[in-house]
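Student: sequence first, then the predicted structure, then my questions.
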Amino acid sequence: MKTLAVALLLGLTPGAPGVGDSYYPQLGNGGYDVGHYDIDLAYAGGKINGTTTITATARHGLSRFDLDFLGLTISSLKVNGTAAAYRRDGQELIITPAEGLPEGATFTVEVAYAGRPAPVQDQSLGKSGWLPTNDGAVTVSEPRGSMTWFPVNDHPTDKATFSYRIKVPEGLRVMANGEPHGDRWIVTEPLAPYLAFIAIGKWKVKSGRTPGGITNIVAIDPALKDSVDTLFSRVGAATDWGVKNFGPYPFTSTGAVVDNLITGYALETQNRPFFSSNQNDLPTIVHELSHQWFGDSVSVRDWKHIWLNEGFATYAEWLWSEQHGGRTAQSRFDELSSAPATWQGWKVTTGDPGLRRMFDGAGIYMRGALALHAIRMAVGDQTFFRLLPAWTAEHRYGNATTADLRALAERLSGKDLGRVFDQWLFTPRKPRA
Ligand SMILES: [Zn+2]
């Protein structure tokens, strides 16, 4: 009674257990914004042990709030330095602080935990999160793997800065987002939690700058034959090329990590994309680095807009080829768009594909790129190549939707693009010519 009376007096209510994402309603949590994650872990023998400290701001008065966290054993949980009550229900870590948190208050959550992290299995993408490797581990977490290794507000709409201090046994080394400073890796630009990345193992590392002057840090597992010099120069070329086409590079550094692991995918982990041992060819490097603008800096507002990430990154591969004496985007468009009505890509509603089709190669990647080329044809090259940097500038470090893209393309071109967007993105059949 007393608690309730005090809570009502202060206008305190529980934070929602999810942000209401169309495909993952439980992802993320309501009632607060995270500003920073400080992740301080010791790794040995496949296990981790340490503390994640979150600094957040209450968006409304909070009697309790949730984090997303799966597996691992919590030994202590404090809010503003005082032990807090908590319980766990699936991926929800439900925290009741000793004192309610008034609207606008900045607060800290300190969670000490330990255990052997395990990946999550997603129907759309396979295993994600903490993946053990021959000599350590790597984290690749789209869309919901981060909760397998730290407590998190796991939705792209709550970006935060990060610092990692990961202690590893002698002979191993840590790569991560951001740049190394002393015993930490520091990320100073907003990072969507699914892009949080550490890679523990043995590494051949090369650091320096791209020809355009951007800090470039790449690493390859020494068990692989690939050249670290080749990787470094390809990353540099792809990053500088992106600047020319998409606008200023959004982050303090670029790079790559190629690990001795076959995951079936590469991932655009911020600053330092992850590449599987059999998937680090030049087009894939161009794809993942283009995601630094499309996906990492300009992120989806809801996972249903995933084509905004994958369509742009695939189209970047086409543009790279076109601008380096290879096949033109037009030629790819002509070939792909002549596919028969039975083609898988025509059956997907690219702008809202449903959970199972989120990473559909034909329906999201290919048709997303086709849609961008259709927009390019509708607005003309001059406007299209103004649209790319305008898009990354307008939504830098933010979250965007397909409607935002249409609004910008219409503003720049002065044209009604309703038919193009409807036919290419919201109609699950082959567009009519
Ligand atoms: Zn991609």
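Tutor: Noted; the coordinates are in hand.
Student: hmm, Leu308 and Val300 touching each other?
Tutor: Yes - at 6.0 Å, Val300 counts as touching Leu308 under the criterion of CB atoms under 8 Å. In this view, the C-beta of every residue, glycine as well, is placed from N, C-alpha and C.
Student: what about those two, which has more around it?
Tutor: Set Val300 next to Leu308 and count neighbours by other CB atoms under 10 Å: Leu308 wins out with 26 against 22.
Student: near the ion, which residues of the protein show up?
Tutor: Selection of the chain residues close to the ion by CB under 5 Å from the ion yields 310, 313.
Student: for the chain, which helix is longest?
Tutor: For the chain, the helix with the greatest residue count under DSSP state H is helix 228-246.
Student: Ala400 - nearest residue in space that isn't next to it in sequence?
Tutor: Closest residue in space to Ala400, ignoring its immediate chain neighbours: Val298 at 5.4 Å, by CB to CB, 6 or more residues apart in numbering.
Student: typed the wrong thing, it's Phe162
Tutor: Val187 (4.1 Å).
Student: contact partners for Tyr249?
Tutor: 214, 239, 242-243, 292-293 (CB atoms under 8 Å, 6 or more residues apart in numbering).
Student: how much space is there between it and the ion?
Tutor: 18 Å (CB to the ion, to the nearest Å).
Student: for that residue, helix, strand, or coil?
Tutor: Using DSSP: H, G, I helix; E, B strand; the rest coil, the structure places Tyr249 in coil.
Student: next, it: phi, psi?
Tutor: Dihedral angles of Tyr249 (phi, psi; degrees, to the nearest 10) stand at phi -60, psi 130.
Student: kindly report the same for the one 10 residues further on.
Tutor: The phi and psi values for Asp259, taken as degrees, to the nearest 10, are phi -110, psi 160.
Student: where does it land on pLDDT?
Tutor: For Asp259, the pLDDT comes out at 97.
Student: from the centroid of the protein, which residue is nearest?
Tutor: Leu195 (3.8 Å; CA atoms, centre = their mean).
Student: that residue contacts Gln270, doesn't it?
Tutor: Yes - counting by CB under 8 Å, Leu195 does reach Gln270; the two are 4.4 Å apart.
Student: need the overlap of contacts for those two.
Tutor: 177, 296.
Student: would you map the helices across the stretch 1-150 of the chain?
Tutor: 2-10 (DSSP state H, counting those that start in this stretch).
Student: OK, now which residue of it is nearest to the ion?
Tutor: Nearest to the ion, among the residues of the stretch 1-150 of the chain, is Glu142, at 8.8 Å (CB to the ion).
Student: quick revisit: out of the contacts of Tyr249, which is nearest to the ion?
Tutor: Once CB to the ion is applied, the member of the contacts of Tyr249 that ends up nearest the ion is Gln292, at 11.1 Å.
Student: hang on, that closest one packs against Thr254?
Tutor: Yes - at 7.0 Å, Gln292 and Thr254 qualify as touching, with contact defined as CB under 8 Å.
Student: between those two, what contacts are shared?
Tutor: With CB under 8 Å, 6+ apart, Gln292 and Thr254 have common neighbours 239, 271.
Student: my read is that Glu86 contacts Ile95, right?
Tutor: Not quite, residue 86 is Tyr, not Glu. Yes - in this structure, Tyr86 is within contact of Ile95 by CB under 8 Å, at 4.7 Å.
Student: which neighbours do these two share?
Tutor: By CB under 8 Å, 6+ apart, Tyr86 and Ile95 have these common neighbours: Leu77.
Student: ok, Tyr194 - contacts?
Tutor: Listed by CB under 8 Å, 6+ apart, the contact set of Tyr194 reads 141-146, 154, 156.
Student: surely it forms part of a strand?
Tutor: No - applying three-state DSSP, one finds Tyr194 to be helix, outside a strand.
Student: check the closest residue to the ion within the chain and give its pLDDT.
Tutor: With CB to the ion, the shortest gap between the chain and the ion falls at Ala313, namely 4.2 Å. With respect to pLDDT, Ala313 scores 98.
Student: how close does it get to Trp307?
Tutor: According to CB to CB, to the nearest Å, Ala313 and Trp307 sit 10 Å apart.
Student: and the residue lying closest to Pro97 once chain neighbours are set aside, how many neighbours?
Tutor: Once flanking residues are discounted, Pro97 sits nearest to Val79: 3.8 Å by CB to CB, 6+ apart. Neighbourhood size, Val79 [other CB under 10 Å]: 25.
Student: residues contacting Val79?
Tutor: Contacts of Val79 by CB under 8 Å, 6+ apart are 95, 97-98, 101, 107-110.
Student: now, of these, which are buried?
Tutor: 95, 97, 101, 107, 109-110 (16 or more other CB atoms under 10 Å).
Student: of all those residues, which two lie farthest apart?
Tutor: The largest separation in the buried ones among the contacts of Val79, counting by CB to CB, is between Leu101 and Glu110 at 14.5 Å.
Student: stretch 225-235: how far from the chain's middle?
Tutor: Relative to the centre of its chain, stretch 225-235 is centred 24 Å away, using CA atoms, centre = their mean, to the nearest Å.
Student: buried sites along it?
Tutor: 228, 231-235.
Student: try stretch 37-46
Tutor: Quick answer for stretch 37-46 (16+ other CB under 10 Å): 37-41, 43.
Student: what separates it from the chain centre, distance-wise?
Tutor: 21 Å.
Student: pLDDT weak spots in the stretch 101-250 of the chain?
Tutor: Within the stretch 101-250 of the chain, the ranges that satisfy pLDDT under 70 run 123-124.
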